[in-house]
Structure formats: structure tokens, C-alpha cells
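Enquirer: Please work out how this folds:
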Amino acid sequence: MIKSNYKNHREKEAQQTPPPHSMASLHLWRLLSLYISAIAAVLRRASYALSRLIRCSIIVTLIESCSLYFIFLGLSPTTVELDDHTTVHFWTSAHRRFSRPNLVLVHGFGGNSRWQFLQLVGPLSRSFNLYVPDLLFFGKSHTFRRDRSEGFQARCVVEGLRGLGVGRCRVFGISYGGYVAYRMAEMWPEVVERVAIASCGIGYTEEQKREHLGKLGRSVTEIFLPESPKNLRRLLNLSIYKFDPLKWAPDFFLQHLIDAMLKDYRKEKLELLEHLLAQKADPDIPIPPQETMLIWGDKDDVFPPLLAFQLQRHFGPKTKLEIIKDTGHALNIDSPARLYELIESFSLGCSNSKDDI
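Expert: Purely as a prediction, here's the structure:
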């Protein structure tokens, strides 16, 4: 009986235990599965890294294509070392013609020398010697000094122009660049022959400032220094009236755009913005002595057109005001052709003095 039970037990074990060749196959299958899993993990990571690289490459290509376009138009990049602390980068006409006036284009907070004037430099380069600076902490301009005022930005642009041999010029500034252009005209009337200011907040009263900041509905720094696709969309919807340029752009692309274009000098840009907001509003600002043009969009939600009329009254009879219909804060995007016409006609209306250093 015992012998019979032992025999049955051995038969069951023999049935449950695979033969040697089956055991080898099982071990081989497990090893192959582990290998395949490892390869799949590596490929997933490589695919993710490659997709990031491709997206970043697209953005880098877009940025570099702007530089190539400027070069095609006859502009060249140049850097002026003002001192051991400050460097200002310009795009300038490679072959300056003394029969043409000098025109300086000062960008706003949402761009740099390449992006802001992409649609204007082509036609304007046919009539002017162009000088397009990067303001401090935008593009390739920077300083180790602590001054974050628009006056210091203006001083750096003027000193940079002098370093390039420019003694007299006409100036156009948009948005934050309008503050800088105004300071250039007010502080250096011997340099600035005429000044055109577009969509700029100079001349606010404190009450107007508080009321308008409240209408924005969230932190100004979150809007004008976006860190998320949501806030970038909010900024462009606030600035552009005629269309939504990001309507079909996926969030991952916008995030890479933010990382590629808005991350550099973020702390310093925040300090520039905070300095601007902390200033006490002054509706009685000094009146520039030059002929002045104010250009506004009638749908501007950043600086309402009411401010343009108020500023014109304060500046007096030497100031012209042009309101562009169906145009928001970003005149250079909503109505580039009309903006070009206004800049050209106003800037060419000055005397033909070419008093260069």
C-alpha cells in the first residue's frame, strides 16, 4: 500500500515537472521578455527626448529664421560695450546711406528687436538707416547695474547709438518701448529729432492706474511674464484684436515657446515690471520739445484710447494723434501696413539733417 502511494506521488511530480528542454525554453522566454521590456523602456524615453528635441529645434529654427530675414534685408547684428557692466545689442543697417534719416525702433515688453518689428523692418529699411536695439534683459542686451528705470534704458540706447556713430535720429517706441522712447526724447532733445509713441501708459493718473489694473483681473506679472500656456494665451488675447494666433497651437508647443523665449533674465524682467508699476502716476509729465506723434488702436485693452486723447491734450499742439480702427494693443500685428505708413510719413516729415558724430 505504501509502495503504491509512493509510486502515484512520483507519477504526479513527473507530470508537473517539465522536461529539461522545456525548462530551458521557459528561462529563455523570461530572459527575452525582460530584454524586450528594457528595450521598450529605452525607446519610450528616446522617443520622448527626440520629440522634445524636434519641438525645440522647430522653435530655434523659427528664431534663427528671423535673424536670416534681417540679414537678407541688409541689417547686421552688432554689440556695443558701454562699460564693464553694460552691453547693448543692436540690429543696424549694414550699409548706412547719408541720404537717409536714422530711425530707431524700440520694442515693448512682449518681444525683442527681432520679433516685435518683423513685419516693419522690410518696408522701413527702404527709407531709413535702421537701428533696432534689444532693451536691457531682452535679446542679447544686459547689465550688472541695479537700475531698472526706463530712464536708464533710454540712456543705454542713446549711448549705444553714439557708440555706433549716430548723432541725430528719429525714434519710434511701442508699449514699454514707448516709455523708453519718451525718456529719450525728453532727456536728449539734441539727439532725438522726432518721436512717435504707440500704445503706451505714460500720463496716467493714480485713479486711472488703479481702475485699469483692477480690470485686468489678475496679477500683471502673470500676464506680461507668462509661465504657462494659459497665461500666454491670455496675454495675446489681451493684446491682439483681429485674430487669435495661438488658436490651433497645442499647449506643449506653447510651453516650449515660453521656455525658449521668456525664461532668460526672468528675474530682471520682473524687476523692470515691478519698477514700472511702483512708480507714482504723473499726469503732468514733462512735455517733449520735439514734434510728437501718438499712435493707438481703438480696441486697445492694455492702455485704453482715452489715455491717448488725454496725453495729446497735455503735450499740446506739436503732437499729432492717430487712432487705427479695429486694432488692439499690438498694432504691429493687427495693422502692420497702416502702422508702417504712419511711422514712415511722420519720420520723413522732419528736416533732412544728417548730423552724425
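Enquirer: Spit out the contact partners of the residue most central in space within the chain.
Expert: In the chain, the residue lying closest to the centroid (CA atoms, centre = their mean) is Gly111, at 2.3 Å. Gly111 makes contact with Phe138, according to CB atoms under 8 Å, 6 or more residues apart in numbering. In short, each C-beta sits where N, CA and C put it, glycine included.
Enquirer: Report the separation between it and Lys215.
Expert: Using CB to CB, to the nearest Å, Gly111 is found at 24 Å from Lys215.
Enquirer: Over to Gly122?
Expert: Relative to Lys215, and taking CB to CB, Gly122 is found at 36 Å.
Enquirer: Between those two, point out the one with more neighbours.
Expert: Taking other CB atoms under 10 Å, Gly122 and Lys215 do not tie; Gly122 has more neighbours (15 against 9).
Enquirer: Identify the residues contacting that one.
Expert: Leu73.
Enquirer: Identify each buried residue in stretch 70-81, please.
Expert: 70, 73, 75, 77, 80 (16 or more other CB atoms under 10 Å).
Enquirer: For beta bridges, what are the partners of Pro133?
Expert: Judged by DSSP bridges, the bridge partners of Pro133 are Phe90.
Enquirer: State the number of residues packed around it.
Expert: 28.
Enquirer: Phe243 now?
Expert: Other residues close to Phe243 by other CB under 10 Å number 10.
Enquirer: Which of the helices or strands spans it?
Expert: Under DSSP states H and E, no helix or strand contains Phe243.
Enquirer: show me what contacts it?
Expert: By CB under 8 Å, 6+ apart, no residues touch Phe243.
Enquirer: what's the distance between it and Val166?
Expert: 37 Å.
Enquirer: likewise Phe98?
Expert: On the measure of CB to CB, Phe98 and Val166 end up 12 Å apart.
Enquirer: Which one of the two is surrounded by more residues?
Expert: Ranked by neighbour count (other CB under 10 Å), Phe98 and Val166 place Val166 first, with 21 against 9.
Enquirer: Need the per-residue pLDDT for that one.
Expert: pLDDT recorded at Val166 is 96.
Enquirer: where does this structure have low pLDDT?
Expert: Filtered on pLDDT under 70, the chain yields the residue ranges 1-65, 217-218, 350-357.
Enquirer: unless I'm mixing things up, Asn237 is touching Asp244, no?
Expert: Yes - between Asn237 and Asp244 there is a contact at 6.6 Å, judged by CB atoms under 8 Å.
Enquirer: Just want to know which of these two has more residues nearby.
Expert: Asn237 (15 against 11).
Enquirer: now the strand or helix carrying that one, how far from the chain's geometric center?
Expert: If you go by DSSP H and E, Asn237 is part of helix 229-239. Distance of helix 229-239 from the chain centroid (CA atoms, centre = their mean, to the nearest Å) equals 13 Å.
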